[in-house]
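Student: Any chance you can model this:
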Amino acid sequence: MPERNEPAFDPLQPAEGEAMAPTGQGGPIDLAIEEAESLEKKLGDAPTGGPSEKARSLWSDAWHQLRRNPVFVISSLMILFLVIIAIWPQLIASGDPLQCDLSKSQQGSAPGHPFGYDTQGCDVYTRTVYGARASITVGVCATLGAALLGSVLGGLAGFFGGWGDSLLSRVADIFFGIPVVLGGLVFLSVVTSTTVWPVVGFIVLLGWPQIARIGRGSVITAKQNDYVQAARALGAGNGRMMLRHVAPNAVAPVIVVATIALGTYIALEATLSFLGVGLRPPTVSWGIDISNAASQIRNAPHMLLWPAGALSLTVLAFIMLGDAVRDALDPKLR
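Tutor: Below is the predicted model of the structure:
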């Protein structure tokens, strides 16, 4: 019990030795409110790593890494340049690759013709530039065809399993046992077309088993994840699970293999054209020019140097791009 003469305790009055806040209301409560507001403002300005920040997906994280990879930047610029000259070769070559002058046969560099002339008197520079169109067309179309066919067959076999999976595996083993060059000699020797499509069809025919096997294994791994099992438990159909849950998480290895294979397919086209069963005149191809220059390498090495160099740089650019994409999409390599 407090003494009769002692004043009652007032919570709005400052304690002994406590400072009064200089506010319009007065009292220590106002001072505490100001300190709390100041602390809340500081915490609000500070960056946090909480759940409010949006998490990056696999593709955004891969693109974030690719933009900072000099190998990807250099190879992308090289491929962009090759695609541009394949579509519009007139931008850097004003001549006609089929216009030849036998009086200039095997001559070296001349004004307006920096790469010299070949055996038929054709401008090597113009033919080298125009040769990019056939090689890029074969590589891109064959890669798209093999990737589409292989990923669909491999994905279905890996998702459903059963006798279809066993049948696909045995068929793929048969195609793996066919030598590529020997198969090309047999298959393309009976084709009389001078377009790029027989070569594209042959490469797709022998290229899809590799991508099918990669896609099959990737789908088998993806369909065992918990989110796929949860979708199945919630009543999702096979089509929805394939398109919404399995395919987006299984397509990365297929993209990596297809990107690397594109450069290999360009080299394969040049090899078949060099052997005389691939692209044929009047189609302009690096493989055809290399084949024509092989017998004259001692007398006119420039005929072989430029188309072979362009072919090597193109294959190297696509292989570098595939390596960069593989490093970005495979978390184990980070």
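Student: ok now stretch 175-192, how far from the chain's centre?
Tutor: On the basis of Cα atoms, centre = their mean, to the nearest Å, stretch 175-192 sits 28 Å off its chain's mean C-alpha point.
Student: If you could redo that for stretch 185-196, that was the one I meant.
Tutor: With Cα atoms, centre = their mean, you get 30 Å for stretch 185-196.
Student: That one: end-to-end distance?
Tutor: 16 Å (Cα to Cα, to the nearest Å).
Student: mind listing what's buried in that stretch?
Tutor: Residues of stretch 185-196 classed as buried by neighbour count (16 or more other Cβ atoms under 10 Å): Phe187, Leu188, Val191, Val196. Glycine gets a C-beta too; all of them are placed from N, C-alpha and C.
Student: quick one: the closest residue to Phe160 other than its chain neighbours and Asp165, what's the gap?
Tutor: Leaving aside its chain neighbours, Phe160 sits nearest to Asn238 (7.8 Å; criterion: Cβ to Cβ, 6 or more residues apart in numbering). Asn238 sits 15 Å away from Asp165, taking Cβ to Cβ, to the nearest Å as the criterion.
Student: neighbour-wise, which of those two wins?
Tutor: When Asn238 and Asp165 are compared for neighbours, Asp165 comes out ahead with 17 against 12, by other Cβ atoms under 10 Å.
Student: tell me the pLDDT at the more buried one?
Tutor: In this model, Asp165 is scored at 87, pLDDT.
Student: Ok, Met303 next?
Tutor: For Met303, the model assigns a pLDDT of 91.
Student: And the host helix or strand of it, what's buried?
Tutor: Element membership for Met303 (DSSP states H and E) is helix 302-329. Using 16+ other Cβ under 10 Å as the test for burial, helix 302-329 gives 302-308, 310-311, 314-315, 317-329.
Student: ok, back up a step: was I right about the residue nearest to Phe160 contacting Lys223?
Tutor: No: the criterion here is Cβ atoms under 8 Å, and Asn238 misses it with Lys223 at 10.2 Å.
Student: what residues are shared contacts of those two?
Tutor: Residues touching both Asn238 and Lys223 (Cβ atoms under 8 Å, 6 or more residues apart in numbering): Phe159.
Student: so where is the stretch 101-250 of the chain shaky, pLDDT-wise?
Tutor: Within the stretch 101-250 of the chain, no range satisfies pLDDT under 70.
Student: Now do the helices in this structure.
Tutor: 28-45, 58-66, 70-87, 124-160, 162-176, 180-188, 197-222, 226-233, 238-240, 247-274, 286-294, 302-329 (DSSP state H).
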